[in-house]
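Trainee: Everything below, folded, please.
(3 chains)
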Amino acid sequence: MFLKEYLSDVAKGVSSLLKGMRKTGYYFTHPKEIITEQYPDNRATLLMSERFKGEVVMPHDANNEHACTGCTACELACPNGTIKVVTKFEVSPEGKKKKAIDALVYRLELCTMCNLCIVACPSDAIKMAPNFEHSVFDRTKLTKILNKPGSKIREGIE
Amino acid sequence: MYNQTEIIKDTSELGAEGELVINMGPQHPATHGVLHLVVTLNGETIKKIEPHLGYIHRSIEKMCESLTYRQFIYVTSRMDYLSSHINNLGCALLVEKGMQIEVPDRAKYIRVILSELTRIASHELWLGAMAMDLGAFTPFFYAFREREMITDIMEDTCGARLTMNYIVPGGLMYDIHPDFQKKVKAFITQFKSKVTEYEDLVTNNVIFQSRTKGVGILSAEDAISYGCTGPVARASGVSCDIRKIYPYEVYDKVEFDEVIETAGDSFARYIVRVKEMNQSIRIIEQLIDNIPEGDFVGKTKNVLKLPKGEFYTRVETARGEFGVYVVSEGGTTPHRIKFRSPGFSNLSALNHISVGSKIGDLMASMGTLDLVIPDIDR
Amino acid sequence: MFSLEGITTSVQDWLFMKFNPTMALAMECVIVILLSISLFAILGLVLVLMERKVAAHIQIRLGPNRVGPGGMFQTVADTLKLIMKEGLVPDMADKFLFNLAPFVVMMVGMLLLAPIAFAKNFQIWDINIGVLYISSVSSLSVIGILMAGWASNNKYSLLGAMRSGAQIVSYELSAGFAVLTIVVLTGSLQLSDIIKAQENGWWIFKGHIPALIAFVLYIIAVTAETNRAPFDLAEAESELTAGFHTEYSGMRFALFFLAEYINIFIVCAIGATLFFGGWMPLHIGHWESFNHIMDYIPSSVWFMGKTFFLIFLIMWFRWTFPRLRVDQLLNLEWKYLLPISLFNLLLVAIIAILGWHF
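Mentor: From the prediction side, this is the model:
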């Protein structure tokens, strides 16, 4: 009858609300469930995943040598013209003229972190580094030259 | 004594007597993204809704005409950014179909696992955002806690959290992280223990039910005629899951149910998505332990060229059917590419389901349509 | 032990000793005015911070924790920001009413401070129709809201104010009936009588079933009266109209904002007084030893503890439930709350006559 339906409606409604309140009450009384990472304070212990695509870098070894031959495969693979390879002609000790890399101009403000350049490189010269703090006050600082000054290609890489 | 009579200055936009035209502007806390709705009201009743689109149009389809078949995949991540793996999968499937590339089994299994994880992440965000529209601010944070586990898995394996460019024609860009299986299993355990939370807080809540039941009813014929796909159509009784009808990858080898409700109102759309999350968990559970060993990418030529002709592939994203249509002249770049976005067709049904109801119902209907505006505007 | 009434009696004696009676009375009035204004200011600061911290912990996050230890000075920073904002008056708005509305709402809050007993013998005005005074003065806040909506020269504000006005006027009925339940059990409208009657136990325990039902109805009704979620359609951000305070900015908005939190404090204080005994410690029947131990805790601590527990309850409601639509809100009142409260009144009358309560 009507009264029974009315009362059962009220009872069902109230019990559903109370169940919801119990859930939120549980979270209020258990502060251990908080998963917030307080970012600038925990930089010492922050673990970034090693595959995180932060920016493109060219690793140099102890003798300031890299593996880039200047083949411009990365420039062709990049979808929006972020990388520009500037080559020069180097004279080897035997007197042969060989193409070598002068500067690998990388514009961080255009990069979409799509990883196509890294996959396209035949000599594994570039890789993605996981640092993400790129803010600068001056936009020209975001245009980086990836090979360090005075560095040359390692022996044995064609 | 007080000059309070005429408040609406621009009377040319006024229709009949007592009508009011208001803008739910591009900047609004409830429209998910930049959606501009011009709503014609009569008192509190809605008479007409006109969506004005284009605020985030980036001419993606035109841009793709100058990108090669390896390069154009990354832009689709930015269209429907909540189902980025599934969009990438659609493009990769098209190139593989066109060039007859063999994809190894390992890549297929991993692609399906990533797609289902993306679907769960997208539905979690949708649940939080819809509850927030209706005024319950807490389920948003609980949903994001689960989504955070998924994005952590993506970060470890693919390197990015939102726009992962990991699926390439032929397979995957590189192999999965060694911890992948362990983390996915941990996520499944956590998700199963937290499913009751959403039920307690949202599904069984009497206030939520009374705000979504009977609101925004879409019949099955209307769903088909407007072209709605995905959970919107499945809640009206239309069976349209691409994973069942045109199975791709390994979907024909796994067991899962297609979730169909018949009520067609906002509550049915809500239930369909929640149940879909459970079905995705079921799929992942069947696949995660049986990933075959082998290559993660098939053999492809260096330069990909599709033969001359037209190609179309479809995949099931979290929002519906995502289609990629390419007209190729035999070169390295597509001659014309068109993306069939699910959100566009779902949005076209908004006017039909809201006419005659109140403004408060508009929030519930729009929330359950699950619109992502960059997907609509491309 | 520490008690506030000792301080007040000693101040009063000193004043009457030093000055002639009229002057002493005037000085007492000034002291009371200063104390109530400072109470408002401190309460505003504390309650806004409490809301943000409670919300954060329910949502598994931390809340304000940068400004001051534990985020204590966050509200001070917010108030400074609001003071420095430009206070716009819309173009064709009614200037007098526009400026007056926040003050009307604040004034109602201050008037309601008078009969509340903060501690033993620490009441500003123990009027013999205390409960009636509270009910009638709290109805005046509707005038402030309607003034704000009308004077803003904005159709959306007017809609929001009308809706809010309808909501407040409807829920006053249920709140009034819930309060009447306690009055029937006590037999007097005077607040000090009600508190004294709870000397052997709080009404929520003594007046078992009807008092419990009345308490639940009272909490729901005052959540709706103060425009708090889940009944905050009038001021919700994701609905179309931002309610009656759309056009207010700067200091006037700060006053509305403050007035809302003060209202919550006042209705919780009244609820604590009526149902939980106000400043009366927890006494069980005539267990003298237990009561004596409970008496050691000062009465002001009891009062504040109970009030803040009720405030926490109202905040808990806000962060758990979604919002009700306006027709569902009024539906809830007229079809559910009002019949139940009428039935409850009948029940408590029968119980009071037959003496079936403790």
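Trainee: how far does the helix or strand hosting residue C:315 sit from the chain's center?
Mentor: For residue C:315, the enclosing helix or strand under DSSP states H and E is helix C:299-318. Using Cα atoms, centre = their mean, to the nearest Å, we find the averaged C-alpha position of helix C:299-318 to lie 10 Å away from the chain's own average C-alpha position.
Trainee: That helix - contacts with which helices or strands?
Mentor: If contacts are counted by 3 or more Cβ pairs under 8 Å, 6 or more residues apart in numbering or on different chains; DSSP states H and E, helix C:299-318 sits against helix A:2-29, helix C:21-58, helix C:208-225, helix C:251-276. Backbone N, C-alpha and C define where each C-beta goes, glycine included.
Trainee: of all those helices, which lies closest to chain B?
Mentor: Counting by Cβ to the nearest Cβ, chain B lies closest to helix A:2-29 out of these; the figure is 3.9 Å.
Trainee: picking up where we left off before, put together a markdown table for the helices and strands packed on helix C:299-318, with distance to chain B, mean pLDDT and mean neighbour count on each row.
Mentor: Formatted as a markdown table, the entries for the helices and strands packed on helix C:299-318 read as follows, by distance: least, Cβ to the nearest Cβ, whole Å; pLDDT from 0 to 100; neighbours: other Cβ atoms under 10 Å in any protein chain shown:
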| stretch | distance to chain B | mean pLDDT | mean neighbour count |
| --- | --- | --- | --- |
| helix A:2-29 | 4 | 88 | 14 |
| helix C:21-58 | 6 | 88 | 15 |
| helix C:208-225 | 12 | 90 | 22 |
| helix C:251-276 | 17 | 88 | 23 |
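Trainee: any idea how far residue B:118 is from the nearest residue to residue B:317 once chain neighbours are set aside?
Mentor: By the measure of Cβ to Cβ, 6 or more residues apart in numbering or on different chains, the closest residue to residue B:317 outside its immediate chain neighbours is residue B:83, 4.0 Å from it. According to Cβ to Cβ, to the nearest Å, residue B:83 and residue B:118 sit 5 Å apart.
Trainee: higher neighbour count, these two?
Mentor: Under the criterion of other Cβ atoms under 10 Å in any protein chain shown, the comparison of residue B:83 against residue B:118 puts residue B:83 first, with 29 against 24.
Trainee: Can you pull the phi and psi angles for the more buried one?
Mentor: Recorded main-chain torsions at residue B:83 are phi -120, psi 60, according to degrees, to the nearest 10.
Trainee: just checking, it touches residue B:119?
Mentor: Yes: in terms of Cβ atoms under 8 Å, residue B:83 counts as a neighbour of residue B:119; the distance is 6.8 Å.
Trainee: Identify the contacts common to these two.
Mentor: Between them, residue B:83 and residue B:119 share the neighbouring residues B:317, B:318, with contact defined by Cβ atoms under 8 Å, 6 or more residues apart in numbering or on different chains.
Trainee: Check what contacts stretch C:101-113 and list those residues.
Mentor: C:36, C:39-40, C:124, C:134, C:137-138, C:140-141, C:143-145, C:147-148, C:151, C:248, C:252, C:255-256, C:258-259, C:262-263, C:266.
Trainee: mind redoing it with 6 Å?
Mentor: With Cβ atoms under 6 Å, 6 or more residues apart in numbering or on different chains as the contact definition, stretch C:101-113 has outside contacts at C:36, C:137, C:140-141, C:144, C:147-148, C:252, C:255-256, C:259, C:262-263, C:266.
Trainee: ok, those vs residue B:313, which is closest?
Mentor: Comparing these against residue B:313 with Cβ to Cβ picks out residue C:256 as the nearest, at 56.3 Å.
Trainee: Now do whichever residue of the stretch 251-358 of chain C sits closest to chain A, the pLDDT please.
Mentor: Closest approach between the stretch 251-358 of chain C and chain A, counting by Cβ to the nearest Cβ: residue C:320, at 4.7 Å. Looking at residue C:320, its pLDDT stands at 88.
Trainee: Which single one of the contacts of stretch C:101-113 is nearest to residue C:18?
Mentor: Using Cβ to Cβ, residue C:36 is the member of the contacts of stretch C:101-113 that lies nearest residue C:18, at 23.1 Å.
Trainee: Show me chain B divided up by domain.
Mentor: If you go by automatic domain parsing, the domain ranges for chain B are B:11-52, B:60-377.
Trainee: go on, chain A?
Mentor: Chain A resolves into domains spanning A:2-35, A:55-149 when parsed by automatic domain parsing.
Trainee: Now distance to chain C too, for the ones you listed, in JSON lines please.
Mentor: Rendered in JSON lines, the data for the domains of chain A read as follows (distance: least, Cβ to the nearest Cβ, whole Å):
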{"stretch": "domain A:2-35", "distance to chain C": "5"}
{"stretch": "domain A:55-149", "distance to chain C": "20"}
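Trainee: Tell me which of those domains is the most buried.
Mentor: The densest packing among those, expressed as mean neighbour count by mean count of other Cβ atoms under 10 Å in any protein chain shown, is seen in domain A:55-149 with a mean of 15.
Trainee: Run the chain-centre distance for stretch A:55-75.
Mentor: 17 Å.
Trainee: Excluding its own residues, what touches that stretch? List them.
Mentor: The list of residues contacting stretch A:55-75 from outside it, by Cβ under 6 Å, 6+ apart, reads A:83, A:85, A:87, A:99-101, A:106, A:108, A:117, A:120-121, A:123, A:125-126, A:129, A:146-148, A:151, A:154, A:157.
Trainee: neighbours of the closest residue to residue B:245 other than its chain neighbours, just the number please.
Mentor: By the measure of Cβ to Cβ, 6+ apart, the closest residue to residue B:245 outside its immediate chain neighbours is residue B:239, 7.7 Å from it. Residue B:239 has 11 neighbours, counted by other Cβ under 10 Å.
Trainee: sec struct for residue B:239, please.
Mentor: Assigned with DSSP: H, G, I helix; E, B strand; the rest coil, residue B:239 falls in the coil class.
Trainee: Check which residues of whichever strand or helix holds residue C:204 are buried.
Mentor: When elements are assigned from DSSP H and E, residue C:204 belongs to helix C:203-206. Using 16 or more other Cβ atoms under 10 Å in any protein chain shown as the burial criterion, the residues of helix C:203-206 that qualify are C:203, C:204, C:205, C:206.
Trainee: Same check on stretch C:302-311?
Mentor: Across stretch C:302-311, burial judged by 16+ other Cβ under 10 Å covers C:302, C:303, C:304, C:306, C:307, C:308, C:310, C:311.
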